[in-house]
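Visitor: Task: produce atomic coordinates for the following.
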Amino acid sequence: MATRQLLAGRAVCCCCWRRAYSSAGTAEFLHRSIVPTMHYQKSLPRLPVPKLEDTIRRYLNAQKPLLNDDQFRKTEELAHQFEKGIGRELHEQLVAQDNQNKHTSYITGPWFDMYLKAREPVVLNFNAFMSFNPDPKSEYNDQLIRATNMTVSAIRFMKTFRAGYLEPEVFHLDPKKSDTQLFKQIIRFVPSSLSWFGAYMVNAYPLDMSQYFRLFNSTRLPKLNRDELYTDEKAKHLLVLRKGNFYVFDVIDRDGNMLKPSEIQAHLKYILSDNSPASAFPLGYLSSENRDTWASLRKDLLDNGNEEALRKIDSAVFCLSLDDFPIKDFVHLSHTMLHGDAANRWYDKSFNLIIAKDGTAGINFEHSWGDGVAVLRFQNEVFKDSTEVPAVSPQSQPASVDSSTAVQKLDFKLNDALKAGITKAKQNFDASVEGLSLNMIQFHGGGKELLKQKKVSPDAVAQLAFQMAFLRQYNQTVATYESCSTAAFKHGRTETIRPASIHTKKCSEAFVKEPSKHSTEELQELIVECSKYHGRLTKEAAMGQGFDRHLFGLRYLALSKDIALPDFYQDQAYARLNYNIISTSTLVSPAVQLGGFGPVVPDGFGVGYQVHDDWIGCNVSSYPTRNGKEFLQCVHKSLEDIFNVLKGKKVGS
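Guide: The predicted model follows:
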């Protein structure tokens, strides 16, 4: 079955890149899949509710490396009491509720609530970024050329998806059987209610695509206590931000056709040539605020006559942010794409496509509506389309159109209270960003190829290096989170892999504290044990058999029914396990240069990493309570030691 890396981080395989042309002669679609986009959706298997006894066993296994004997005995006792008592009742209610809602998954409602009820600012706390690789043809990395090409490709993706022509997202275990024209010719005639089973027969696993419609014309609206997701698929305009100023222009005409690329280029050139000063009170800062504060200020904006302008922001196809500076290095790139200047972002949009002065591009995406699977598919397709069949070239001339009438600059009516609110939001944003450190390394001592030769999991080795590094730096093992997609199930979201285990703890201590006491062969065996166990955890999580979402669902159910929170959830050990000091996520794609996110706790590390064929990249965010640079030095040392041992050398040689 699909593992997390393959579900969330693989390159998208689309063999059909034919253009479909409208009567106007404009290329409207990326391709025309003969299998309809949502063909498998109806028959996707449902996300299972794990057995309670399995969840408790897995939970206790995750607690073992974090607790001493006395603490573990107390936690074990509370867990078994919960399993036999109130936990059993809640579990049965959850299963009954799940059986009554077969159109969705048991985690969908609670997971949306978790995101939408959170009151912290979305920037740094929830939004993540992925930066594009440069266009292989250097002359195409001009800001106007790249902005035009990526905008055109993004609109093609949207139109291809909405027309049902986008190739369904499928994980192929045996591509020679399932990723073929013959199979597609057959499966398209299988009824949707049975299509998943047809794919399963040839070892292919269709993935949930229910999140994709939120990619476009969508935004997260701030509301008191709980935000709302808003989508208006009828809107035809693009939102462009530059110097904190807001511009909109239609990219779809009245017949539903895309504007000619030369016209889009002309409008973007007009915006880039606008000599208007930077906005004195940039509204973008409001989307970086505490959600209740932002909700109150949004109400003031509406009451002050800004309803039409806000509607245009909210309903826009997406947000294109054009920055007025080039990217200096990878650290500057990460800062720019993760948070940037809030004046030139609208963090509530489903995504911001950000393009710097030198054509460096990336995506910052809001997380409540969906996960990395949909965003990565979009990013892969846009990169492939915009680089292989660009809509405009450096020699292209913008169309001779009157952009001054086509492009509307949004004006906002701001009273003193709103101006004060924007000023305060800027102060809060600047303070939060000022404390954020971003550091990165590239380890060139080996990668995926060597690890596979040695029959160990590349992902397990990366995770082991993080455990080893933290032990080296802080002399302890702490709660660690690794994201895992459950997109193989209807309305699946994510599950947690718990990489800190008794195996990684034992192996880390052997390497860090007493390497001379162990032979190279013994250390190799410890690495293999870690790899096997991590592989098991990954498979369980991808199959919906982790424990985190199940326990989350039971807790959510208790609170929703006003049941007193069981002692199990009030255990300090439960709180500590869910206080993820090391939070990690990985992906590898031909489109993506690097990705990252903020720490999920004030004294934590946000670790984005990529394991390539012959090198490993790692991008770490932290606040002043943790030293990310030193952590990465420890990661590098740990990787060196692991690779040396796998090559038959001694630690430190």
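
Visitor: Give me the pLDDT value at the residue nearest the centre of the chain.
Guide: By Cα atoms, centre = their mean, the mean C-alpha position of the chain lies nearest to G372, the distance being 3.5 Å. Per-residue confidence for G372 comes out at a pLDDT of 87.

Visitor: Kindly report the same for V588.
Guide: Each residue has a pLDDT score; the one for V588 is 85.

Visitor: I'd assumed G608 was in contact with it.
Guide: No. Because the distance of 11.4 Å does not satisfy Cβ atoms under 8 Å, V588 is recorded as not touching G608. Quick note: C-beta positions are derived from backbone N, CA and C, even for glycine.

Visitor: So which of these two has more stuff around it?
Guide: Between V588 and G608, counted using other Cβ atoms under 10 Å, G608 has the larger neighbour count: 25 against 18.

Visitor: Which strand residues bridge that one?
Guide: Under DSSP bridges, the beta-bridge partners of G608 are S585, N619.

Visitor: For stretch 162-181, which residues meet the burial criterion?
Guide: When neighbours are counted by 16 or more other Cβ atoms under 10 Å, the buried residues of stretch 162-181 are found to be 163, 165-172, 175, 178-179.

Visitor: ditto for stretch 638-653
Guide: Judged by neighbour count using 16+ other Cβ under 10 Å, the buried positions of stretch 638-653 are 638-646, 651.

Visitor: Contacts for it, please.
Guide: For stretch 638-653, the external contacting residues (Cβ atoms under 8 Å, 6 or more residues apart in numbering) are 443, 445-446, 450-451, 454, 456, 461, 464-466, 468-469, 472, 511, 515, 520, 523-524, 527, 616.

Visitor: For that stretch, give the mean pLDDT please.
Guide: The average pLDDT within stretch 638-653 is 91.

Visitor: re the thing from before, quick check, the residue nearest to the centre of the chain in contact with T586.
Guide: No. Contact between G372 and T586 fails when scored by Cβ under 8 Å: they sit 9.8 Å apart.

Visitor: just the buried members of the contacts of stretch 638-653?
Guide: If we count by 16+ other Cβ under 10 Å, those have these buried: 443, 446, 450-451, 454, 456, 461, 464-466, 468-469, 472, 511, 520, 523-524, 527, 616.

Visitor: Now do the same for the nearest residue to Y347 once chain neighbours are set aside: helix, strand or coil?
Guide: Of all residues beyond its chain neighbours, the one nearest Y347 is S287 (4.4 Å), with distances taken as Cβ to Cβ, 6 or more residues apart in numbering. With DSSP: H, G, I helix; E, B strand; the rest coil as the basis, the three-state label of S287 is helix.

Visitor: OK, contacts around S287?
Guide: Taking Cβ under 8 Å, 6+ apart as the contact definition, S287 lies against 122-123, 294, 342, 345-348.

Visitor: Now tabulate these in CSV and tack on secondary structure and neighbour count.
Guide: Formatted as CSV, the contacts of S287 follow (DSSP: H, G, I helix; E, B strand; the rest coil; neighbours: other Cβ atoms under 10 Å):
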residue, secondary structure, neighbour count
V122, coil, 23
V123, coil, 23
W294, helix, 27
A342, helix, 26
R345, coil, 25
W346, coil, 24
Y347, coil, 27
D348, coil, 29
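
Visitor: Can you name the residues that contact L353?
Guide: For L353, the contact set (Cβ under 8 Å, 6+ apart) comprises 150-151, 154, 318-321, 361-363.

Visitor: Give the buried residues for the helix or strand where it lies.
Guide: L353 is located in strand 351-355, with elements delineated by DSSP states H and E. By neighbour count with 16+ other Cβ under 10 Å, strand 351-355 contains the buried residues 351-355.

Visitor: Show me what secondary structure element comes after that strand.
Guide: Of the helices and strands lying after strand 351-355 in sequence (DSSP H and E), the nearest is strand 361-365.

Visitor: Need the contact partners of that next one.
Guide: 127-132, 146, 150, 333, 336-340, 345, 347, 350-355, 375, 379.

Visitor: Perfect, that will be all.
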